[in-house]
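Novice: Mind folding the following:
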Amino acid sequence: MSYITDYQQKFTDLKLQIENQDQLRRQANGGNSILFSYPPKEECEYIEKAKDIYAHEAEFIDVSKLLVRFIDEIGWNAFQEYYNDFKNTPHLIFRSDDPELDLFDIIIREIYEACKNDKIPFLIRTGCLYGTGIDNLNIMEHKVVMESSHPLVIFYPSKIEDDNIYFLNFKPASKYRCALVK
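Specialist: Modelled structure (predicted):
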């Protein structure tokens, strides 16, 4: 299918999911998230189109910028030392249960702020989560997302083959509690 036909259908499907949150929760097994799947090589086009369509009602949360902010906040040298100490357990760096601010906390805070400002949170550039120990499922099942008045839209660079989703075209995806726009 051509990009133009493909994106038109995907954005039509996305609009229907966003507008009917009760149906979304039923379809997503109680979840409050939408996975918006697209080919990774077309990420820029899909993000640009979403920003055009949802310019006024959405808040675009760029994970790549949040990752850089997280590293800047703790300092490059401290991050490098910390990462080298825990590279086999990245969740201890990026998604720990301790009170220290980490990348996961920053993402959740941004989602909360978007909803507080009555905006639909769109999580973009999620490929940056690969290798951090943060799975989309961790975000989707967080209390802030589950109780939000708006669904979380996760832009998900992936391919779908035989009803199997592959994040970044190679990592098999979990069975998420979300609606899938494919």
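Novice: what about the protein, any weak spots by pLDDT?
Specialist: Within the chain, the segments meeting pLDDT under 70 span 1-5, 175.
Novice: ok, longest helix in it?
Specialist: Across the chain, the helix with the greatest residue count (assigned by DSSP state H) is helix 3-19.
Novice: Run through the neighbouring helices and strands of it.
Specialist: If you count contacts as 3 or more Cβ pairs under 8 Å, 6 or more residues apart in numbering; DSSP states H and E, helix 3-19 packs onto helix 21-27, strand 33-38, helix 43-53, strand 179-181. Just so you know, the C-beta spots here come from the backbone N, C-alpha and C atoms, and that holds for glycine as well.
Novice: Out of those, indicate the one that is most buried.
Specialist: Stretch with highest mean neighbour count among those: strand 33-38 (a mean of 24; mean count of other Cβ atoms under 10 Å).
Novice: For that one, which helices and strands make contact with it?
Specialist: Looks like strand 33-38 contacts helix 3-19, helix 43-53, helix 136-140, strand 152-161, strand 179-181 (3+ Cβ pairs under 8 Å, 6+ apart).
Novice: Same question for the third one: list its buried residues.
Specialist: Along helix 136-140, the positions that meet the burial threshold by neighbour count (16 or more other Cβ atoms under 10 Å) are 136, 137, 138, 139, 140.
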